[in-house]
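Q: Curious how this folds, go ahead:
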Amino acid sequence: MLRAPLLGQGVPPSRIVPLGISPGPALEAMRQGLAPCAHAEQIGCRENFSPAAFRIEATMPAGMLTWFPGGAIPLAIESETAPGDPAPQTPEPLPRAHLRRFDEQGHPDPRAVSVRLTSELPPEALARNRHQIGANELVSPWIIALAAPRASIDYDWPAGLSKEALGCAWCERPLRLQGKEGVHEI
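A: A predicted model of the protein is given here:
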């Protein structure tokens, strides 16, 4: 299941709106109606509202993780130019078009990256509580959809310039994901 908890409710989103595209007046009004964030980890506040940030979540038997190397289930996330038509992988230094290790023919992806479903519980807690509710909930790392290379964390903006005034609408990562390791851009 796809979840975008930074939309405030943690419910499946009706759509993903990549950074670099204005999400429209309805989502902007929703964001403006939220209170400012008291701290970076708060969910349901203005600076953490993002229709571009999402995670993949799956509920599976907790014991399944023991069958996979490293205790995690590998997965691939691919972009399409149209339904059923995979986009070509983008070259460096652009953000990746796909988060995968192999292409659809089984060849190694030139910009391979490993994305895995894991438990958020530490291994020792998972082993002790594998029959408890929550032990079977697996999540991917955070993924941020981008519509423009300028929305990437790696883009070097001149200091003091307004990104929105320069045509990059909603180009800021949610406060909760700024400076975090392991966040993928696609």
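Q: so what does the biggest strand by length in the chain touch, helix or strand wise?
A: Among the elements of the chain assigned as strand by DSSP state E, the one spanning the most residues is strand 53-59. Under the contact criterion of 3 or more Cβ pairs under 8 Å, 6 or more residues apart in numbering; DSSP states H and E, strand 53-59 touches strand 2-3, strand 137-139, strand 143-144. Placement of C-beta: from N, CA and C, glycine included.
Q: In its sheet, which strands sit next to the last one, and in what direction?
A: Translated: strand 143-144. Looking at strand 143-144 with DSSP bridges, its paired strands and their directions are strand 53-59 (antiparallel), strand 184-185 (parallel).
Q: and residue 170, which of those is closest to it?
A: Between residue 170 and those, the shortest gap by Cβ to Cβ is with strand 53-59, which sits at 11.1 Å.
Q: Give the partner strands of the following helix or strand past that closest one in its sheet and their orientations.
A: Note on strand 53-59: by DSSP states H and E, the next helix or strand toward the C-terminus is strand 73-75. For strand 73-75, the pairing partners within the sheet under DSSP bridges are strand 115-119 (antiparallel).
Q: and the strand it pairs with, how far from the chain's centre?
A: Here the centre of strand 115-119 is set off from its chain's centre by 13 Å, with Cα atoms, centre = their mean, to the nearest Å.
Q: and after that strand, which helix or strand comes next?
A: As assigned by DSSP H and E, the chain's next helix or strand after strand 115-119 is helix 123-128.
Q: And the contacts of that following helix?
A: Under the contact criterion Cβ atoms under 8 Å, 6 or more residues apart in numbering, helix 123-128 has outside partners 62, 65, 71, 119, 135.
Q: picking that back up, could I get the strands paired with strand 143-144 as CSV with distance to residue 21 and mean neighbour count?
A: Rendered in CSV, the data for the strands paired with strand 143-144 read as follows (distance: least, Cβ to Cβ, whole Å; neighbours: other Cβ atoms under 10 Å):
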stretch, distance to residue 21, mean neighbour count
strand 53-59, 14, 17
strand 184-185, 14, 18
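Q: Residue 32: which of these is closest?
A: With Cβ to Cβ, the closest approach to residue 32 among those belongs to strand 53-59: 18.2 Å.
Q: about what we covered before: lowest average pLDDT across the strands paired with strand 143-144?
A: Note on the strands paired with strand 143-144: strand 53-59 shows the lowest mean pLDDT, a mean of 86.
Q: Pull it out as PDB, backbone CA atoms only.
A: Taking only C-alpha atoms (Å, rounded to 0.1, in the frame of the first residue of the first chain), the coordinates of strand 53-59 have been written out as PDB:
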ATOM      1  CA  ALA A  53       6.800  12.300   0.100                       C
ATOM      2  CA  PHE A  54       5.600   8.700   0.400                       C
ATOM      3  CA  ARG A  55       6.500   5.300   1.700                       C
ATOM      4  CA  ILE A  56       5.500   1.800   0.600                       C
ATOM      5  CA  GLU A  57       3.900  -0.200   3.400                       C
ATOM      6  CA  ALA A  58       3.000  -3.900   3.400                       C
ATOM      7  CA  THR A  59       1.600  -6.200   6.000                       C
END
